[in-house]
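> coords please:
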Amino acid sequence: MHLVVLAAREGWHTRELTRALQARGHTGAIVPYEGLVATIGRQAGLRSGTAELDHADAVLARIIPSGSLEQIIYRVDALHRLEDRGVRLMNSPRAIERTVDKFWTSALLEQCGIPTPETIVCESVDEAFAAFRAMGDVILKPLFGSMGLGMVRVSDEDMAFRVFKTVEQIRGVFYLQRAIEHEGRDIRAFVLGGRVLGAIERRSEGWRTNLARGGSARALELPGDWASLAVRAAAAVGAEYAGVDLLPARDGTLHVLEVNGIPGWEGLQEATGLDVAGAIVDQLTGCRA
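Numbers count the residues shown, from 1 in each chain. Coordinates of the predicted model:
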């Protein structure tokens, strides 16, 4: 198999994928989105540098790097183009679109009967204030984002005024999620091919448990119903592989917070010892153990 990995740059994850490919006798190329060249007409095709993506056995979208609206749409359109021509992609561009958009993810989770925190999304600052006063304690999240970046807990009127006015000035969207009381931990379940490959419990002193924000991790064997919920959440967004964040609340309920359709796995691999890149390659080649 020849795998093309679309990435922003080479790093730990791409090195792991390269190692896993070589260990199994496959080949791969790590190429940047910025190098994509689509040709329509004579010698039609899609390439990045010397890598012809139309001829790849599979393409893994490791990440969608930040850029202008036009750049991001073009990059995702390129994935759609590949899929339309029968190239194996993981994840599908539709799954990536669903999971990079917290509103779309939340709506699909609710639609599929998956427990997720009460959420209000709006553009009006007056509606945002009304939502805050109704829920009392909320987490304001950027519609697009990961690793806890840009998240703010709003629990009093003064902070709400300052934060909401800032969002209004930048013409942002208010994605307000009811704060769930928990015991300083959440769960990241790594779902691959309809099963949970592994899971970690992330802990922190504050309300954010992201490893990128200073949380710590340990391997965790998920109870069957928790694993089932994570698999259902990944299926709800159509993700072949995903990082599903589960939040056990103090009252004993379990919520799906987010589904990441282009998840990293460095923290998971360090805590569990799993060969995640190897499992991803095996999934792509149909050689899953």
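> name the residue most distant from the centre of the protein?
Arg42 (36.7 Å; Cα atoms, centre = their mean).
> which of the three states applies to that residue?
Here Arg42 is recorded as coil under DSSP: H, G, I helix; E, B strand; the rest coil.
> and it, its phi and psi?
phi -60, psi 140 (degrees, to the nearest 10).
> what sits against Cys112?
Going by Cβ atoms under 8 Å, 6 or more residues apart in numbering, Cys112 touches 232, 235-236. To be clear about C-beta, it is placed using only N, CA and C from the backbone, and glycine gets the same treatment.
> filter those residues to the buried ones?
The neighbour-count test (16 or more other Cβ atoms under 10 Å) applied to the contacts of Cys112 identifies 232, 235-236 as buried.
> dump those residues to CSV, plus distance to Gln111 and secondary structure.
Below are the buried ones among the contacts of Cys112 laid out as CSV (distance: Cβ to Cβ, whole Å; DSSP: H, G, I helix; E, B strand; the rest coil):
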residue, distance to Gln111, secondary structure
Arg232, 12, helix
Ala235, 12, helix
Ala236, 7, helix
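> any chance of those in TSV with pLDDT and distance to Arg153 as columns?
TSV is the format used below for those (pLDDT from 0 to 100; distance: Cβ to Cβ, whole Å):
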residue	pLDDT	distance to Arg153
Arg232	98	28
Ala235	98	30
Ala236	98	26
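> make a markdown table from the residues you listed and add distance to Leu284 to it.
Putting those into a markdown table (distance: Cβ to Cβ, whole Å) gives the following:
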| residue | distance to Leu284 |
| --- | --- |
| Arg232 | 23 |
| Ala235 | 18 |
| Ala236 | 22 |
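> please identify which of the residues you listed is nearest to Thr18.
Ala235 (29.4 Å; Cβ to Cβ).
> what's the closest non-adjacent residue to that closest one?
What sits nearest to Ala235 in space, not counting adjacent residues and going by Cβ to Cβ, 6 or more residues apart in numbering, is Gly194, at 7.3 Å.
> show me the contacts for the one you found.
Counting by Cβ under 8 Å, 6+ apart, Gly194 touches 231, 234-235.
> cool, Ala78 as well?
By Cβ under 8 Å, 6+ apart, Ala78 lies in contact with 33, 36, 38, 46, 53.
> give the helix, strand or coil label for it.
helix.
> and if you look at the one 5 residues further on?
Here Glu83 is helix, with the state taken from three-state DSSP.
> for the stretch 51-200 of the chain, which segments count as strands?
Here the stretch 51-200 of the chain has its strands, by DSSP state E, counting those that start in this stretch, at 51-52, 58-61, 88-90, 119-122, 138-141, 152-154, 174-178, 185-192, 195-203.
> in the chain, which residue is most central in space?
Asn260 (1.8 Å).
> ok, Ala230 to Pro93 distance?
22 Å (Cβ to Cβ, to the nearest Å).
> so between those two, which is more surrounded?
Ala230 (28 against 21; other Cβ atoms under 10 Å).
> show me what secondary structure element comes after the strand or helix carrying the more buried one.
Using DSSP states H and E, Ala230 falls within helix 224-236. Per DSSP H and E, helix 224-236 leads on to strand 241-248 as the next helix or strand towards the C-terminus.
> angle of that following strand against helix 224-236?
Per axes from the mean of the first three to the mean of the last three Cα atoms, to 10 degrees, the angle that strand 241-248 makes with helix 224-236 is 130 degrees.
> list the buried ones in the helix or strand following strand 241-248?
The helix or strand immediately downstream of strand 241-248 is strand 254-260, counting by DSSP H and E. For strand 254-260, the neighbour count (16+ other Cβ under 10 Å) marks 255-260 as buried.
> can I get the helix or strand of the chain with the lowest mean pLDDT in CSV, CA atoms only?
In the chain, the helix or strand scored least confidently by mean pLDDT, DSSP states H and E is strand 216-219, which has a mean of 90. Provided in CSV are the C-alpha atoms of strand 216-219 (Å, rounded to 0.1, in the frame of the first residue of the first chain):
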residue,chain,number,x,y,z
SER,A,216,-2.3,14.4,33.2
ALA,A,217,-3.3,11.1,31.8
ARG,A,218,-3.5,7.4,32.7
ALA,A,219,-4.7,4.4,30.8
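> that strand - contacts with which helices or strands?
strand 195-203, helix 266-272 (3 or more Cβ pairs under 8 Å, 6 or more residues apart in numbering; DSSP states H and E).
> so what strands line up beside it?
Partners of strand 216-219 in the sheet, by DSSP bridges, are strand 195-203 (antiparallel).
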